[in-house]
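A.B. asks: here's my sequence, what's the structure:
(one chain, ligands or ions: 1)
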Amino acid sequence: MFRIALISMFLTSAALATTTALFTDRTNDPLCTQTRPDVEGPYWIPDSPQRSNLRDPGDAPMLDLYFSVVDQDCGPIPNAWIDIWHADADGDYDKKGWGYRGHHFADGAGYSILETVIPGLYPGRTSHIHVKVQGDSPSIFTTQLYFPDVPENDDDFFYHPDLEVSVIEVDADGNMIAEFHFVVEDRHGCPDINGDNYVNVSDLLTIIDQWGLANAPADVNDDDIVDVSDLLMVVGNWGECE
Ligand SMILES: [Fe+2]
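C.D. replies: As a prediction, the model looks like this:
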């Protein structure tokens, strides 16, 4: 069963002002199957600026999108990297600058909030948001997010209902609060704790440094304690990550 967690926070949007956000806790959810991937498309630019608020003053309709990132065991992925790019409200991409582009990191429980606008339509596509997500695995997951009840969804080759955001609230001006839960590849295949694409002595030293801690990055097998089982995973996967 889902458990609803109440997380208090302030949103910068006046129209969407609320101090309480609803996140659905996917821990123990038996349905943590990997999120459906979708094509990258032609407009991704690497090395976007770090920011979770992509809005400019006066942008409308506003979208506040609550993310959670979990692995296929439904365990939260702390500090997951989330890279976003999408068209503006008129359906145009910024191909020269960083308009509506940015990356941010989930918090220690795998949650984050994106503040942006609802993307407009452009020829051949329904409204969508491009996303890349990376947890502890070296692989980067790429997909697109869509919105329910958009007529153009039915004519978009890439649209899939599994990738719709869940709408929490829409106000009279069309400003929306919604959420999406990413389930991405877990870290088990490569216990590269420090993310340098090698399992080596630096990872071993991190395990020793975090020995006995619960929910620490060095808990590579997610058994809630850094111990000899994590040490053995590192030793057993020594070398370059695939
Ligand atoms: Fe696109």
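A.B. asks: looking at it, Arg36 is touching Pro161, isn't it?
C.D. replies: No: the criterion here is Cβ atoms under 8 Å, and Arg36 misses it with Pro161 at 9.6 Å. The C-beta positions use only the backbone N, C-alpha and C, and glycine is treated the same way.
A.B. asks: among the two, which residue is more densely surrounded?
C.D. replies: Neighbour count, other Cβ atoms under 10 Å: between Arg36 and Pro161, Arg36 has more, with 12 against 9.
A.B. asks: need the contact list for the residue positioned nearest the centre of the chain.
C.D. replies: By Cα atoms, centre = their mean, the chain has its centre lying nearest to Ile82, at 4.7 Å. Counting by Cβ atoms under 8 Å, 6 or more residues apart in numbering, Ile82 touches 67, 69, 103-106, 112, 114, 131-133, 182.
A.B. asks: what about the strands in the protein?
C.D. replies: 3-8, 20-25, 62-70, 81-85, 101-105, 111-117, 128-134, 141-146, 166-170, 176-183, 198-199, 239-240 (DSSP state E).
A.B. asks: need these in a markdown table (columns: mean pLDDT and distance to Leu213).
C.D. replies: Listed next are those as a markdown table, based on pLDDT from 0 to 100; distance: least, Cβ to Cβ, whole Å:
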| stretch | mean pLDDT | distance to Leu213 |
| --- | --- | --- |
| strand 3-8 | 32 | 23 |
| strand 20-25 | 50 | 22 |
| strand 62-70 | 96 | 20 |
| strand 81-85 | 97 | 22 |
| strand 101-105 | 97 | 20 |
| strand 111-117 | 98 | 21 |
| strand 128-134 | 96 | 23 |
| strand 141-146 | 95 | 27 |
| strand 166-170 | 97 | 34 |
| strand 176-183 | 96 | 25 |
| strand 198-199 | 88 | 19 |
| strand 239-240 | 84 | 25 |
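A.B. asks: ranking those strands by burial, who's on top?
C.D. replies: Neighbour counts (mean count of other Cβ atoms under 10 Å) averaged over each of these peak at strand 62-70, with a mean of 25.
A.B. asks: which other helices and strands contact that one?
C.D. replies: strand 20-25, strand 111-117, strand 176-183 (3 or more Cβ pairs under 8 Å, 6 or more residues apart in numbering; DSSP states H and E).
A.B. asks: so where's this structure shaky on pLDDT?
C.D. replies: 1-30, 138, 186-189, 242 (pLDDT under 70).
A.B. asks: show me how the record splits it into domains.
C.D. replies: 28-183, 198-240 (automatic domain parsing).
A.B. asks: rewinding a little: which one of the contacts of Ile82 is nearest Tyr146?
C.D. replies: The shortest approach to Tyr146 among the contacts of Ile82 belongs to Val131, at 11.2 Å (Cβ to Cβ).
A.B. asks: that closest one contacts Tyr146, correct?
C.D. replies: No: using Cβ under 8 Å, Val131 is not in contact with Tyr146, being 11.2 Å away.
A.B. asks: circling back to that earlier point, against Phe141, how distant is the residue nearest to the centre of the chain?
C.D. replies: In this view, Ile82 and Phe141 are 10 Å apart by Cβ to Cβ, to the nearest Å.
A.B. asks: and what of Gly195?
C.D. replies: Distance from Gly195 to Phe141, by Cβ to Cβ: 15 Å.
A.B. asks: how many residues are close by Ser48?
C.D. replies: Ser48: 18 surrounding residues under other Cβ under 10 Å.
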